[in-house]
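S.K.: Let's see this in three dimensions:
(chains A, B, C and D)
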Protein chains: 2
Amino acid sequence: MADTDPMNGGRRRAASMADVARHAGVSSQTVSRVSNGLTNVDESTRERVLASMRTVGYRPNGAARALKYGRFHTVGVIMFTLETLGNVRTLDAIATEAAAADYTVTLMPVPDPTMGAVSGAYRRLSEQAVDGIIIIFEASLLDRVEITLPPGLPVVVIDSNAGSGFAVVDTDQAQGARLATEHLLSLGHRQVWHIAGPTSSFSAGHRADSWRTTLEAAGITPPPLIHGDWTTESGHRAALELAARDDVTAIFAANDQMALGAMKALHELGRDIPSDVSVVGFDDMDESRAFWPPLTTVHQNFRAVGRIAMERLLAQIEDPDDAPQTTLIPTELIVRESSGPAARR
Amino acid sequence: MADTDPMNGGRRRAASMADVARHAGVSSQTVSRVSNGLTNVDESTRERVLASMRTVGYRPNGAARALKYGRFHTVGVIMFTLETLGNVRTLDAIATEAAAADYTVTLMPVPDPTMGAVSGAYRRLSEQAVDGIIIIFEASLLDRVEITLPPGLPVVVIDSNAGSGFAVVDTDQAQGARLATEHLLSLGHRQVWHIAGPTSSFSAGHRADSWRTTLEAAGITPPPLIHGDWTTESGHRAALELAARDDVTAIFAANDQMALGAMKALHELGRDIPSDVSVVGFDDMDESRAFWPPLTTVHQNFRAVGRIAMERLLAQIEDPDDAPQTTLIPTELIVRESSGPAARR
DNA sequence: ATGGAGTATGTTTACGCGAACATCTCGACG
DNA sequence: CGTCGAGATGTTCGCGTAAACATACTCCAT
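M.R.: Purely as a prediction, here's the structure:
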């Protein structure tokens, strides 16, 4: 007997079509036909092949298929962090949409915004097995690296105004911030203070800009901006600072977490919400309706953002000459109990 | 002139090594050597090749590499939803760990727990391009499908006790629930009520079981269990029900969201937290410290869960005969202001 | 019977990469 | 001045799949 080891030597590879073919006594092309559900295979042959597939434990090899077709049926998502609600919701929508289009989503997290980490992501990206990329980025960093984006790969950018030739999908930050600010003004507040996100974030910048212009349009001089970093702690700190002044009756926080932190500070100082101070957030996280008091906030349609980003990307993959567009998804103001009429004094 | 179109006909493929080789006037093997950073290439040749790579826009083809090596350097993560904090945190840890090991993470979301959706995920999984799978599942469903798991693929299961032959990593649910219950008892509460997660969830079951045995060990007959569904609303409903009785002084909710909803109900009914009723949660989400009052809760070490799951999976990928182990990650009780001594009466 | 249409199946080839092996060139050493 | 070794570079081949092409066979109209 020859030494042919049925166990296939040490490092075993998965069964291939050739293995199935050998087992079933047909050519591997016939196995391919069965595997792809073509009809021109004799019923008895088909069954024999299917049985052989099961016995040898055959699974099609995605790499070989991708090599053959030049398509991976996979999109990459580059993101800094899964710690912010918006990123996760958007990713969820992207993944759902991708599954519907029979695509798979590959995560390319960039742990920290250093150039080293970014270039690491690009290295992995260039060992690419993706047909396109969706970037969920704090845009200010993207600025520095965009030129190194590999050419010829369809890209859609979320959460930024990195306009230069990319398709961009984003929540209409400006409209949302305007809704929030106008809501507070319409309740009779003479001034609206803003707790902004970090300066590195374009979304935060957009919200702050829009808050400012909305106030100015109402003939109000905007008060100094306070910067947080999206965390509850930073909202807490900011509100402690604000509450030191007793003319503060309305606070618009750039996200729900900071609004939550702000409300905690107001509770601690014995200020009533909303009769002493109104608070409005941004995002509408699931928990916001159960805060005490339930938070008035700007609802972001993350699902739509993810869905449209995916649509755009697929369009670019189908047709590389598809012109990049920018789409803004409108927000909706959700009025709950954390905002109310300005106290008369 | 021949008809050779420099634009490469209609559907253009990305540039390959052969294209680079032609452009640089070398063999494709030399391009391969440069691409892989081998040293035995003349410096001038290397530079010429690198320049050609840039001009033709070369990116290595991952599929071809994977085909050659039989490894994809990718792990698949199957999960039901990105809507629960734990799943997201765990995924984040997995992705980070994977990146460190130079692996990529592919998401395989299962939108709803129907068999159709699950088998869809398996279909995509069997058109696999992954070296292993991590399943983050509500385990009761896994029971029904585990036999259909493709053979020969390393698998690690998180958040379940689906023991049969899989490697399992999970938070030590029982220990956490015991910590929470004992904490409330040690504050002098005579009874601890529990708002559990849905019956379909093994984690929820473990927490409830442990709560029950902890009470029994203290000589207390456990009160009826109330089931929520992890949402703030269900916590709110449950607490409204509980607060109808005035002998309820301590509530242990199976997650922070339900605890938040419960606190909202107590606020609405004018019960003080903690002097009338103590509330303890489970998870320690970022926001919990900013709830009003800040929530006493059981901290889950999601990062460790993700990290160890990934380690186990890589071990199995390296050595297919690696014996599956079960690892429980301990929790930590974080005492904040939502729990306090039982009122004397 | 003879050719044509149709069906089932087999053979060849290319997708992009890189290990293994084959050349070639140049300089050192006896 | 011939030989050997080392480094640079080229050639062949196979990974698993499926399109394209080839073959074998059956059935039927002429």
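
S.K.: and after the helix or strand of chain A with the lowest mean pLDDT, which helix or strand comes next?
M.R.: One helix or strand of chain A scores below all others by mean pLDDT, DSSP states H and E: helix A:139-145, with a mean of 52. Downstream of helix A:139-145, the first helix or strand assigned by DSSP states H and E is strand A:155-158.

S.K.: how about the residues of the stretch 51-200 of chain A near DNA strand D?
M.R.: A:Pro60, A:Asn61, A:Ala64, A:Arg65, A:Leu67, A:Lys68, A:Tyr69 (C-beta under 7 Å from any atom of the strand). C-beta coordinates here come from the backbone N, C-alpha and C atoms, glycine included.

S.K.: for the strand or helix carrying A:Arg65, which positions count as buried?
M.R.: Element membership for A:Arg65 (DSSP H and E) is helix A:62-69. Neighbour-count burial for helix A:62-69 flags A:Gly62, A:Ala63, A:Ala64, A:Arg65, A:Ala66, A:Leu67 (criterion: 16 or more other C-beta atoms under 10 Å in any protein chain shown).

S.K.: could you give the angle of it to helix B:62-69?
M.R.: Counting by axes from the mean of the first three to the mean of the last three C-alpha atoms, to 10 degrees, helix A:62-69 points 130 degrees away from the direction of helix B:62-69.

S.K.: if you look at the helix or strand just after helix A:62-69, does any of it touch chain B?
M.R.: Going down the chain from helix A:62-69, the next helix or strand is strand A:74-79, by DSSP H and E. Yes: counting by C-beta under 8 Å from any C-beta of the partner chain, chain B has neighbours in strand A:74-79: A:Thr74.

S.K.: I'd like to check the angle between strand A:74-79 and strand B:74-79, please.
M.R.: For strand A:74-79 against strand B:74-79, the angle by the same axes, to 10 degrees is 80 degrees.

S.K.: which residues in chain A form strands?
M.R.: In chain A, the strands defined using DSSP state E lie at A:74-79, A:104-109, A:132-136, A:155-158, A:167-171, A:193-196, A:226-227, A:250-253, A:278-283, A:296-299, A:326-329, A:332-334.

S.K.: Show me what the shortest one is packed up against.
M.R.: The contact analysis (3 or more C-beta pairs under 8 Å, 6 or more residues apart in numbering or on different chains; DSSP states H and E) places strand A:226-227 against strand A:193-196, helix A:232-243.

S.K.: Could I get these in CSV, plus columns for mean pLDDT and mean neighbour count?
M.R.: Compiled in CSV, the helices and strands packed on strand A:226-227 are given as follows (pLDDT from 0 to 100; neighbours: other C-beta atoms under 10 Å in any protein chain shown):
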stretch, mean pLDDT, mean neighbour count
strand A:193-196, 98, 26
helix A:232-243, 97, 22
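
S.K.: Tell me how far the helix holding A:Arg65 lies from the chain's centre.
M.R.: Helix A:62-69 sits 28 Å away from the centroid of its parent chain (C-alpha atoms, centre = their mean, to the nearest Å).

S.K.: low-scoring pLDDT stretches of chain A, where are they?
M.R.: A:1-12, A:111-128, A:138-151, A:160-164, A:344-345 (pLDDT under 70).

S.K.: Show me which residues of it sit near DNA strand C.
M.R.: Counting by C-beta under 7 Å from any atom of the strand, chain A comes close to DNA strand C at A:25-30, A:33, A:39-42, A:44-45, A:64, A:67-68, A:70.

S.K.: do that again at 6 Å, thanks
M.R.: Counting by C-beta under 6 Å from any atom of the strand, chain A comes close to DNA strand C at A:Val26, A:Ser27, A:Gln29, A:Thr30, A:Asn40, A:Val41, A:Asp42, A:Thr45, A:Leu67, A:Lys68.

S.K.: is stretch A:296-315 anywhere near chain B?
M.R.: No: in terms of C-beta under 8 Å from any C-beta, no part of stretch A:296-315 sits within range of chain B; the closest distance is 10.7 Å.

S.K.: Could I get the full set of helices for the stretch 201-345 of chain A?
M.R.: Ranges of helices in the stretch 201-345 of chain A, per DSSP state H, counting those that start in this stretch, are A:202-217, A:232-243, A:256-268, A:302-318.

S.K.: Most tightly packed of those?
M.R.: helix A:256-268 (a mean of 26; mean count of other C-beta atoms under 10 Å in any protein chain shown).

S.K.: In PDB, list the C-alpha atoms belonging to that one.
M.R.: The C-alpha trace of helix A:256-268 is given here as PDB (Å, rounded to 0.1, in the frame of the first residue of the first chain):
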ATOM      1  CA  ASP A 256     -28.100  62.700  25.300                       C
ATOM      2  CA  GLN A 257     -25.300  61.500  27.500                       C
ATOM      3  CA  MET A 258     -24.100  65.000  28.300                       C
ATOM      4  CA  ALA A 259     -27.700  66.100  28.800                       C
ATOM      5  CA  LEU A 260     -28.000  63.300  31.300                       C
ATOM      6  CA  GLY A 261     -24.900  64.400  33.100                       C
ATOM      7  CA  ALA A 262     -26.200  68.000  33.100                       C
ATOM      8  CA  MET A 263     -29.500  66.900  34.600                       C
ATOM      9  CA  LYS A 264     -27.600  65.100  37.400                       C
ATOM     10  CA  ALA A 265     -25.800  68.300  38.200                       C
ATOM     11  CA  LEU A 266     -29.100  70.200  38.300                       C
ATOM     12  CA  HIS A 267     -30.600  67.600  40.600                       C
ATOM     13  CA  GLU A 268     -27.600  67.800  42.900                       C
END
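
S.K.: That helix: how far from the chain's middle?
M.R.: For helix A:256-268, the distance to the chain centre is 25 Å (C-alpha atoms, centre = their mean).

S.K.: circling back to that earlier point, so which of the helices of the stretch 201-345 of chain A comes closest to B:Val49?
M.R.: Across the helices of the stretch 201-345 of chain A, B:Val49 has its closest neighbour in helix A:302-318 (28.9 Å, C-beta to C-beta).

S.K.: residues making contact with the closest one?
M.R.: Contact with helix A:302-318 is made by A:75, A:86, A:89-94, A:96-98, A:101, A:103, A:131-134, A:154-156, A:158, A:167, A:169-171, A:322, A:324-325, A:327, A:329, as judged by C-beta atoms under 8 Å, 6 or more residues apart in numbering or on different chains.

S.K.: which of those residues are buried?
M.R.: Buried residues within the contacts of helix A:302-318, counting neighbours by 16+ other C-beta under 10 Å: A:75, A:86, A:89-94, A:96-98, A:103, A:131-134, A:154-156, A:158, A:167, A:169-171, A:324, A:327, A:329.

S.K.: thought A:Phe252 was touching A:Trp211?
M.R.: Yes: the criterion here is C-beta atoms under 8 Å, and A:Phe252 meets it with A:Trp211 at 6.2 Å.

S.K.: which residues do those two both contact?
M.R.: Common contact partners of A:Phe252 and A:Trp211 (C-beta under 8 Å, 6+ apart): A:Ala177, A:Ala180, A:Thr181, A:Val192, A:His194.

S.K.: farthest-separated two in those?
M.R.: Within the shared contacts of A:Phe252 and A:Trp211, A:Ala177 and A:Val192 form the most distant pair, 10.3 Å apart (C-beta to C-beta).

S.K.: shared neighbours of those two, anything?
M.R.: Taking C-beta under 8 Å, 6+ apart as the criterion, A:Ala177 and A:Val192 both touch A:Trp211, A:Phe252.

S.K.: Next, the buried residues of stretch A:44-55.
M.R.: Within stretch A:44-55, the residues that count as buried by 16+ other C-beta under 10 Å are A:Thr45, A:Arg46, A:Arg48, A:Val49, A:Leu50, A:Ser52, A:Met53.

S.K.: what about A:Asn290, how many neighbours?
M.R.: Wrong residue type there; residue A:290 is Ala, not Asn. A:Ala290 has 23 neighbours, counted by other C-beta atoms under 10 Å in any protein chain shown.

S.K.: hang on, I meant A:Gly37
M.R.: Applying other C-beta under 10 Å, we find 8 residues neighbouring A:Gly37.

S.K.: With that, I have no additional questions.
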